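Visitor: For reference, the sequence and a predicted model appear below.
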Amino acid sequence: MRQALPLLLLAPFLAAADPKPFFNGKDLDGWVNLNCGPKTWSVKDGELVTSGTPYGLLRSDRQYENFEIEFEWMHVNTKDVGNSGFFVWCDGLPQIGGPYTRGIEVQVLVNYPKNDWATNHGDVFSVSGATCKPDRPHPTKKGLERCLPSEDRCKGGGEWNHYKVVANDGSIKLSVNGKEVSGVSDCNPRKGYLAFESEGAECHYKNLKFKELPSTKPKASEIAAEAAGFQPIFNHTDLTGWKTDDGAWKVGGGVLKCSGKADLKSEASYSDYELVFDWKLPEKSKAEFELELGSQTIYSFKNADSTMHGKWHRLSLKTGRAGVTIAHDGRAGGQASLVLDKGPIRIKAAESLELRNMYMREIQGEKK
């Protein structure tokens, strides 16, 4: 008869399998404010709280693949719509022109008007270019990558709900208040960051418990984009860190908008770095958009294809000894053999120019 191992010897392995806290209940250590305001996310009485404004994400500081997570959530709104969400396997930076990232969202919603395509809670769906296969085809919209829950087990605003999310080998299963009700499979990405969403309403989270599961070896094409050390240089709420004339640039909804009266200039000076930001000009606009680094014009949008107007675009550039390398909407835009002195970033004034999602990664040197 085989003799059982003493419990004392098994204890380390049993302990390793136990869920661990995923939020310390004291501060935001381990989390990254991706594109919300300085006061959007806070900790109160051991709870993680979002004010709901501006829209955006609070994401984990590293990527995860397979895991189980449990948490409780409560919307403060008892009559008005309360919207938030939990993002699985998302990218490190937001989508072009938007507040959220590519990934799979687990809906956290109450008081939503009755309709034929979404429910008040428990939906699991792809966002911003991610893909998945719902466990059940959508009942009214053929091909929509959104799994509706099999039954309504959600409590309303002002009450706590319990979610358990099991993400493994490209599939996600959601249990609401103790019963599995929805899920998706064949997800891409199936490894990435985890995030909580700010979307217009105060929502509280508590008792986050997390357990990693063994890897199922995703392909490189199934792994979300890394944050790669990029840090926001615009706080999505006000003009902290920037200089301009009074009223020349205004902030609303996480977006900077120009009146066309004065340039926008960073207070800090930089040397070698990578810069990423999104911009948009209105349809039929005749305004010219220019970017200066130090005292030299690096990018200019003049008399360009009118089809570019009215849409968000992402400008990426990298400075260094080799000069400046530019990419536009992910496509190479050329290289300038300029040697730049350390200096500020200047966005030239352009009527109704909008900016958002402004990030930088310094390569060498420090701010002055």
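Guide: Everything's here; your move. Residues are numbered from 1 along each chain as shown.
Visitor: what mean pLDDT would you report for stretch 254-270?
Guide: Regarding stretch 254-270, the rounded mean pLDDT is 95.
Visitor: again, but for stretch 277-286
Guide: 91.
Visitor: how long is that stretch end to end?
Guide: One end of stretch 277-286 sits 21 Å from the other (Cα to Cα, to the nearest Å).
Visitor: Check the offset of that stretch from the chain's centre.
Guide: Distance of stretch 277-286 from its chain centroid, counting by Cα atoms, centre = their mean, to the nearest Å, is 23 Å.
Visitor: how about it: buried residues?
Guide: In terms of neighbour count (16 or more other Cβ atoms under 10 Å), stretch 277-286 has its buried residues at 277, 278, 279, 280, 281, 285. Heads up, the C-betas are built off the backbone N, CA and C, glycines and all.
Visitor: any idea how far the second one is from residue 354?
Guide: Distance from residue 278 to residue 354, counting by Cβ to Cβ, to the nearest Å: 8 Å.
Visitor: same check, this time on the last one
Guide: Distance, residue 285 to residue 354, using Cβ to Cβ: 11 Å.
Visitor: now swap in residue 229 and tell me
Guide: 26 Å.
Visitor: Where does pLDDT dip in the stretch 201-350 of the chain?
Guide: 303-305, 321-322, 333-340 (pLDDT under 70).
Visitor: ok, what's across the strand from the closest residue to residue 50 other than its chain neighbours?
Guide: Residue nearest to residue 50 in three dimensions, not counting chain neighbours: residue 198, with 4.5 Å by Cβ to Cβ, 6 or more residues apart in numbering. Beta-bridge partners recorded for residue 198 (DSSP bridges): residue 56.
Visitor: show me the contacts for residue 198.
Guide: The contact partners of residue 198, by Cβ atoms under 8 Å, 6 or more residues apart in numbering, come to 36, 40-41, 50-58, 84.
Visitor: closest to residue 131 among the residues you listed?
Guide: residue 57 (19.5 Å; Cβ to Cβ).
Visitor: so who does that closest one touch?
Guide: Neighbours of residue 57 in contact, by Cβ under 8 Å, 6+ apart: 34-36, 87, 90, 94, 99-101, 195-198.
Visitor: Please identify the helix or strand for residue 70.
Guide: strand 67-75 (DSSP states H and E).
Visitor: and that strand, what does it pack onto?
Guide: strand 82-90, strand 103-110, strand 161-168, strand 203-212 (3 or more Cβ pairs under 8 Å, 6 or more residues apart in numbering; DSSP states H and E).
Visitor: For the second one, which strands pair with it and how are they oriented?
Guide: Each strand that strand 103-110 pairs with, and the sense of that pairing, follows from DSSP bridges: strand 82-90 (antiparallel), strand 121-127 (antiparallel).
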